[in-house]
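Enquirer: here's my sequence, what's the structure:
(2 chains)
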Protein chains: 2
Amino acid sequence: MGRWEPNALERLQLAALELFTERGFDQVTVNEIAERAGLTKRTFFRYFGDKREVLFGDQEGFVGLFAEGMATVPPEAGALEVAAAAIERVAAVFPIERQPFADARRAVVAANAELLERELLKRAKLTSAMVDALRERGEPEPVAKVAADLAALAFSTAYERWAEPGNREEFADLAREALAELVAAAAGLSSPAAAPGR
Amino acid sequence: MGRWEPNALERLQLAALELFTERGFDQVTVNEIAERAGLTKRTFFRYFGDKREVLFGDQEGFVGLFAEGMATVPPEAGALEVAAAAIERVAAVFPIERQPFADARRAVVAANAELLERELLKRAKLTSAMVDALRERGEPEPVAKVAADLAALAFSTAYERWAEPGNREEFADLAREALAELVAAAAGLSSPAAAPGR
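Expert: Residues are numbered from 1 along each chain as shown, chains lettered A, B, ... in the order given. Here you go, the predicted model:
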């Protein structure tokens, strides 16, 4: 078997997802994933550090896309615009063909605490990269934290909606919508009507 | 050795923290933790499901305190007031005597990906319990999500400040301050000045 295998990463991810869906994450070995994909265990470990990683995309790639998105926004723009550009840039790499994969993946991750932990760690790292980038643009700490947090929340809300069977909307549109909803909700929180007792 | 040991939980937590700080999380066994605490492995597993759990408080207890705090707020109050009451109720159980423990604990958790993952999972569960409670009070979904998220962010910001060596401020005061900062930042995000390009 040659060193280079066409679409090895995607084949491993699809094989893993099939097996996890059939038998549950704990009941599947890396060997079995590699076999189902027609590849070797060694090839698996060339792409992924461990069994959990196979369901996660290229983390550094995401951080790079975030940075790319943020770089398109002029320096005088506000934190919200920067955060929106970051998530829209990432959303653009989720084509609608990947949607059935996303729905199955979501179900597998939700069913396993280990996978959920890994997902949360990945998300926390992305959020903290965005906080750092916003701080570097001169945003005060609370503004950077809130903007990154709302962007992360918008991203996961949009991902859920996008992954839902039957959805036909683009991820980037859903992300923009979700962010607008959350920002409007946040603005309403601090209005006097929202806290009559204070 | 009797079945009941005074302060077994606290002794195990302190012993674990000492050992993790001395040698790193991976280099310490449950047996060694129990031994340092003058207890048995069996006693350890009466309190904690695994080695990671020893650094985490009583999750169900926290959820209960959140609920208690929220129950004190009149039904007509806004989501923000409810979220604030929840975190202030939990903050009240962190007495200043626990502060040196908190600082050492924070360092150990930050140094280990497995512990960080567990911490994020616990935090996500608390946040989602708060989202559910706010929804049950009739808050629309985006409002419930944002209020719970800002409360969680305020809680972890306040925890960091509280744990800092030399801090003398009460956790509840720091939590209130952090929430006010974040809410003000969130309100500023949606103002036209924050997004001149849109």
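
Enquirer: use CA for all of it now, contacts and neighbours both
Expert: Fine.

Enquirer: mind checking the pLDDT average for the host helix or strand of A:Phe45?
Expert: In the assignment (DSSP states H and E), A:Phe45 maps to helix A:41-47. Confidence for helix A:41-47, expressed as mean pLDDT, is 94.

Enquirer: which residues does it contact?
Expert: Residues from elsewhere that reach helix A:41-47 (Cα atoms under 8 Å, 6 or more residues apart in numbering or on different chains): A:Ala8, A:Leu9, A:Leu12, A:Val30, A:Asn31, A:Ala34, A:Glu35.

Enquirer: just the CA trace of that helix, in PDB.
Expert: The C-alpha trace of helix A:41-47 is given here as PDB (Å, rounded to 0.1, in the frame of the first residue of the first chain):
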ATOM      1  CA  LYS A  41      -3.800   1.800  11.300                       C
ATOM      2  CA  ARG A  42      -0.600   3.600  10.500                       C
ATOM      3  CA  THR A  43      -2.400   5.800   8.000                       C
ATOM      4  CA  PHE A  44      -5.000   6.500  10.600                       C
ATOM      5  CA  PHE A  45      -2.400   7.800  13.000                       C
ATOM      6  CA  ARG A  46      -0.800   9.900  10.300                       C
ATOM      7  CA  TYR A  47      -4.000  12.000  10.300                       C
END
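
Enquirer: buried residues in that helix?
Expert: Buried residues in helix A:41-47, counted by 16 or more other Cα atoms under 10 Å in any protein chain shown: A:Thr43, A:Phe44.

Enquirer: same question for stretch A:106-122.
Expert: Using 16+ other Cα under 10 Å as the test for burial, stretch A:106-122 gives A:Arg106, A:Val108, A:Val109, A:Glu114, A:Leu115, A:Leu116, A:Glu117, A:Arg118, A:Glu119, A:Leu120, A:Leu121, A:Lys122.

Enquirer: give the helix, strand or coil label for the fifth one.
Expert: Spelled out, it's A:Leu115. Classification of A:Leu115 by DSSP: H, G, I helix; E, B strand; the rest coil places it in helix.

Enquirer: who's in contact with it?
Expert: Residues in contact with A:Leu115 (Cα under 8 Å, 6+ apart) are A:Arg52, A:Val109.

Enquirer: rerun that using 10 Å as the cut-off
Expert: Going by Cα atoms under 10 Å, 6 or more residues apart in numbering or on different chains, A:Leu115 touches A:Phe25, A:Lys51, A:Arg52, A:Glu53, A:Leu55, A:Phe56, A:Val108, A:Val109, A:Leu121, B:Glu117.

Enquirer: same thing with the first one?
Expert: Contacts of A:Arg106 were listed using Cα under 10 Å, 6+ apart, and they are A:Leu55, A:Leu116, A:Tyr159, A:Glu160, A:Ala163, A:Glu164.

Enquirer: what about it, distance to chain B?
Expert: From A:Arg106 over to chain B the distance is 16 Å, taken as Cα to the nearest Cα, to the nearest Å.

Enquirer: now do the helices in chain A.
Expert: Taking DSSP state H to define them, one finds helices in chain A at A:8-23, A:30-36, A:41-47, A:59-71, A:79-91, A:99-110, A:113-136, A:141-163, A:171-189.

Enquirer: pretty sure A:Leu120 is touching B:Ala113, no?
Expert: No. Counting by Cα atoms under 10 Å, A:Leu120 sits too far from B:Ala113 to count as a contact (11.4 Å).

Enquirer: could you measure the closest residue in space to A:Glu88 that isn't next to it in sequence against A:Asp58, distance?
Expert: Nearest residue to A:Glu88, sequence neighbours excluded (Cα to Cα, 6 or more residues apart in numbering or on different chains): A:Ala172, at 5.2 Å. Noted for A:Ala172: a distance of 19 Å to A:Asp58, by Cα to Cα, to the nearest Å.

Enquirer: tell me the one among the buried residues of stretch A:106-122 nearest to A:Arg98.
Expert: Nearest to A:Arg98, judged by Cα to Cα, of the buried residues of stretch A:106-122 is A:Arg106 at 12.3 Å.

Enquirer: and for A:Leu120 and B:Ala113, which residues touch both?
Expert: Residues touching both A:Leu120 and B:Ala113 (Cα under 10 Å, 6+ apart) are B:Glu119.
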